[in-house]
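# Just to be clear, the model below is a prediction. Sequence and coordinates:
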Amino acid sequence: MKAHFESIAIPSGALLVSLLLFGVFIGIAGANPFEVFASIYRGAFGSWFAWQDTLVRAAPLMLTALCTALPARAGLIVIGGEGAMVAGGFSAALTGIALNGTFPPFIVITCMMFVAMLTGSLWIGAVGALRHYRGVNETISSLLLNYIAIALLNFFVVGMLKDPETLNKPSTYPIGDANMLGAMGSSSIHWGLGIGIIICIALWFLMRRTTFGFGMDVAGGNVRAAQLTGLPVGRLIVMACALGGAAAGLAGMIEVAAVHGRANTSLNAGYGYAGILVAFLARHNPLAIIPVAILLGGIRASGGLLQRAHDLPDATTLVMQGIIFVVILASEALYGRLPWLQPKAQPA
Amino acid sequence: MKRRTFLKGIAGAGSLAALGGAGITRAFADDKVKMGFVYVGPRDDYGYNQAHFEGKSAVAKQGWVKAFDEENVPETIEVIKTMESMINLDGAQVLFPTSFGYFPHILKIAEKYPKVMFLHCGGLWDASKHPKNVGSYFGYIDEPVYLAGIVAGHMSKTGKLGYIAAIPIPQVLRNINSFTLGARSVNPKITTNVVFTGGWANPVKEAESANSMVDQGIDVLTCHVDSPKVVVETAEKRGVMCCGYHTNQAVLAPKGFLTGAEWNWSKVYADYAEMIKGGKTIPNLVRGGIKEGIVKSSPYGAPVSDKARKHADEVRAKFMDGSMVVYKGTIKDNKGNTVIAAGKEYKQTDIWLESMDWLVEGVIGAAKS
């Protein structure tokens, strides 16, 4: 129980410290820190409207965070969530356009999800394979693949797949209103949130409660040791990347099927990069990704209110994210070093 | 025990925050005209977004207006949430979501808020398809771009101009064509090299393109991207001339800045504010050029010769009295096809111009990225 307590107490403490630092920053920027904190609370969690705003922004972050978190378990630093999301969203749109009208929506949506996950898993799986079999640095290759995905999307959206009606914002043809993912219940939150939470929980189970997840942790901890114990390291690495890529691909599909209804350059709105931050803050734990994504979603949601109510620039929320990021990373050094948080030694 | 105190602490912090939240909830029951502005990029980008921000700042000076804005809002569900937040938390009566890509998102929520007017910059409002509380406004900015072309035509020594553009959509092509037509009205041998960077904000590619154009002997650069800052600064650094876009970039290039095409949103937003104050019906479609005061030219820079000034001023006078038509036959595209036959003319209001997919003779480049 104590070990769990440590992993909650340290990040919470770090969060408080970062809020304190952020308060100092706000003071220097010429606003009243207490009023600003109240606005952040009001804009992010202060009402049902604010909660919906926060949750809708958190949904894509959960899935793109997995794209960094899972490979990180296997020892890889992958930052290709943006590209996998774009590739997944684009392939989902193509599937939707091709099947629209010929099959019932349930089948079209299922196919779109499947194709998006497949594309995403191939996209990031290739990064893992390049890393393990060819020794290509996975951080660089996944970053470059982002640009390739965006360039391919631009090429098709401006070129042969352009809907001529979308003059000044080139986009593909629509996937059809019937094939859209709706809102959950009476809220304005689309099903992307539900899907994100389910996938996070499922992957947490896979990572923490199966031999596959354990093998991945071993491979990430020490490749040599993993090889000596006979673990299929290459396969584990590629699988970790493929699973992460599938999650980001699914995020792209949700963006297309729940928000835009077609693929266009709005797919590359930075969710992939924000997901990297979420993954690191959650220490690559799929379950922790859920609250961290909601926290970041809340910060993004309140960003607008800070601009309107306090005349602070948009970068304020970025400063806040940055401070939280640095403090949480620094707090990693505290694990196992605070005596009052350690389990008591068993009496001999 | 420790755990319990910890939980207590959290609960305490929560209720404190809740109190704070209730304390500063602002009432918006005053009778000011409340206008909300949304930008896709930063307010100080020396470009598209700054032009709108300047318009907002001007209208905000009126005591009876309350104007608020948000920058860097992506064209995703986030803009929907931003607009709803402005309506629900700030009581916005009229919203100006200023990026092209916001239009489909506006249509998704406009019917939910029938009392709020959604005015979109650039979109084409269609009475048969779109709700009544949606509208659009835009300017014929290719008129001052044409004038900039005239000035560039006079000032260029090499006869080679460079255009760094975002993506080949009708609006962008129309500016490139008008610029080239303006320059070639001075000297029919002038050419315009065009490069599409593939995105509205792509500073690395913009700088690379600007440098390679200067290397090719191009001596006047201009651009159509969200922020002309990089292109204008690169031109100045390389010692060539430049024309600005969106807003006035003269301060960025004191030596080489010629003129530029600017939006005059201050006037447009002030007009809307007056209409709302007076309880008038807001027109769904507002369009206009130099004559209507929606667009204007940046003041001439130091290097511009008297001859160039005189020529451009003459044409500006013709735009003012309505006798100037930019798209008048015979016009050929850069593949040799006649696109506008002799004697045929397309006035600015002609919808045909809004689906332009060709580049005029003299432009070196293809209408795709």
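Noted; the coordinates are in hand. Numbering: from 1, shown residues only, chains lettered A, B, ... in the order given.

# For the helix or strand of chain A with the lowest mean pLDDT, which helices and strands make contact with it?
When the helices and strands of chain A are compared on mean pLDDT, DSSP states H and E, helix A:2-29 comes out lowest with a mean of 86. Secondary-structure packing of helix A:2-29 (3 or more C-beta pairs under 8 Å, 6 or more residues apart in numbering or on different chains; DSSP states H and E): helix A:33-44, helix A:315-331, helix B:2-24. C-beta coordinates here come from the backbone N, C-alpha and C atoms, glycine included.

# The very next helix or strand once past the last one - which strands sit beside it in the sheet, and in what orientation?
So that's helix B:2-24. As assigned by DSSP states H and E, the chain's next helix or strand after helix B:2-24 is strand B:33-38. For strand B:33-38, the paired strands and their directions (DSSP bridges) are strand B:65-70 (parallel), strand B:94-97 (parallel).

# need those in TSV with mean neighbour count, distance to residue B:169 and mean pLDDT, can you?
As requested, the strands paired with strand B:33-38 are exported to TSV (neighbours: other C-beta atoms under 10 Å in any protein chain shown; distance: least, C-beta to C-beta, whole Å; pLDDT from 0 to 100):
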stretch	mean neighbour count	distance to residue B:169	mean pLDDT
strand B:65-70	22	25	93
strand B:94-97	26	18	96
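
# Indicate which one of the ones you listed is closest to residue A:150.
Among those, the nearest to residue A:150 by C-beta to C-beta is strand B:94-97 (23.7 Å).

# Quick one: neighbours of residue B:122, just the number.
Residues lying near residue B:122 (other C-beta atoms under 10 Å in any protein chain shown) number 18.

# Distance check, residue A:292 against chain B.
17 Å (C-beta to the nearest C-beta, to the nearest Å).

# Could you count how many residues lie near that residue?
With other C-beta under 10 Å as criterion, residue A:292 counts 24.

# Also residue A:17?
Neighbourhood size, residue A:17 [other C-beta under 10 Å]: 16.

# can you pull the contacts of it?
Neighbouring residues of residue A:17 by C-beta atoms under 8 Å, 6 or more residues apart in numbering or on different chains: A:327, A:331.

# try the one 10 residues further on
With contacts taken as C-beta under 8 Å, 6+ apart, residue A:27 has the following neighbours: residue A:33.

# Please tell me how far it sits from residue B:332.
Taking C-beta to C-beta, to the nearest Å as the measure, residue A:27 falls 64 Å from residue B:332.

# Residue B:319 too?
Residue B:319 sits 24 Å away from residue B:332, taking C-beta to C-beta as the criterion.

# mind checking the end-to-end distance for stretch A:96-109?
7 Å (C-alpha to C-alpha, to the nearest Å).

# List of residues touching it?
Here stretch A:96-109 makes contact (C-beta under 8 Å, 6+ apart) with A:95, A:111-112, A:172-176, A:178-179, A:181, A:256-257.

# Out of these, which sit inside helices?
A:95, A:111-112 (DSSP state H).

# Any chance of a markdown table for these, columns pLDDT?
A markdown table is the format used below for those (pLDDT from 0 to 100):
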| residue | pLDDT |
| --- | --- |
| A:95 | 95 |
| A:111 | 96 |
| A:112 | 96 |
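
# Can you tell me which of those residues is nearest chain B?
For these, the closest approach to chain B (C-beta to the nearest C-beta) belongs to residue A:112, at 17.9 Å.

# What separation do you get for the residue nearest the centre of chain B and chain A?
Compute the mean C-alpha point of chain B, and by C-alpha atoms, centre = their mean the closest residue is residue B:48, 4.4 Å away. Distance of residue B:48 to chain A, computed by C-beta to the nearest C-beta: 13 Å.

# again with residue B:149
Using C-beta to the nearest C-beta, residue B:149 is found at 22 Å from chain A.

# Surely that residue is within a strand?
No - counting by DSSP: H, G, I helix; E, B strand; the rest coil, residue B:149 is not part of a strand but helix.

# That one contacts residue B:179, doesn't it?
Yes - contact status for residue B:149 versus residue B:179: in contact at 4.0 Å, counting by C-beta atoms under 8 Å.
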